[in-house]
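S.K.: model the following, please.
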Amino acid sequence: MATTSKSMKGFYRQKKNNITGGITKPKSKKSTRNPSPEHAATFGSDITQPPALISHGGSLDLEDDFDGREQVLRQFDMDMAYGPCLGITRLARWERAQKLGLKPPKEIENLLKGGKVKPECLFDGRV
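M.R.: The predicted structure is shown next:
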């Protein structure tokens, strides 16, 4: 090495900016630690919820329009023991699981062949 300095302070010298000799840090113009409320995501915003959750009356629409049968079928859709459900109808998935010996619930077949439920899976058109 070309330098014979015994410490790093001699190698990396700091510049003194003020008259008293103290070392100062450059001051930034904008602070990001405490953002003002006007830049917050919800303050003063007309859109606080995605449009899908807002009903026509302006209140949150948290109720889905499905009954107990649809709830049972949604549980079947989310159960990966019977294979993936994308790109296939619920009945075709049930039949495939039956052919593979996975023993899907008979209740699901009865609901699907009854015809009063949606044939597509929960994730159809969402993924």
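
S.K.: and the gap between the residue nearest to residue 121 when sequence neighbours are not counted and residue 13?
M.R.: Spatial nearest neighbour of residue 121, chain neighbours left out: residue 85 (3.9 Å); criterion: C-beta to C-beta, 6 or more residues apart in numbering. (C-beta placed from N, C-alpha, C; glycine too.) Distance of residue 85 to residue 13, given as C-beta to C-beta, to the nearest Å: 67 Å.

S.K.: quick one, which of the two is more surrounded?
M.R.: residue 85 (21 against 7; other C-beta atoms under 10 Å).

S.K.: what strand or helix carries the more buried one?
M.R.: Under DSSP states H and E, no helix or strand contains residue 85.

S.K.: ok, the residue nearest to residue 121 touching residue 119?
M.R.: No - using C-beta atoms under 8 Å, residue 85 makes no contact with residue 119, being 11.6 Å away.

S.K.: and the residue nearest to residue 121, its phi and psi?
M.R.: Torsion angles at residue 85 (phi, psi; degrees, to the nearest 10) stand at phi -110, psi 0.

S.K.: list the residues that contact it.
M.R.: Residue 85 makes contact with 77, 93, 121, 122, 123, according to C-beta atoms under 8 Å, 6 or more residues apart in numbering.

S.K.: quick check on these: which are buried?
M.R.: 77, 93, 121, 122 (16 or more other C-beta atoms under 10 Å).

S.K.: can you say which two of the residues you listed are spatially most distant?
M.R.: Taking C-beta to C-beta as the measure, these span a maximum distance of 11.4 Å, between 93 and 122.

S.K.: contacting residues around residue 111?
M.R.: Residues in contact with residue 111 (C-beta under 8 Å, 6+ apart) are 69, 72, 73, 117.

S.K.: OK, contacts around residue 119?
M.R.: For residue 119, the contact set (C-beta under 8 Å, 6+ apart) comprises 89, 90, 91, 112.

S.K.: low-confidence stretches in the chain?
M.R.: Counting by pLDDT under 70, the chain has low-confidence residues at 1-6, 10, 14-65.
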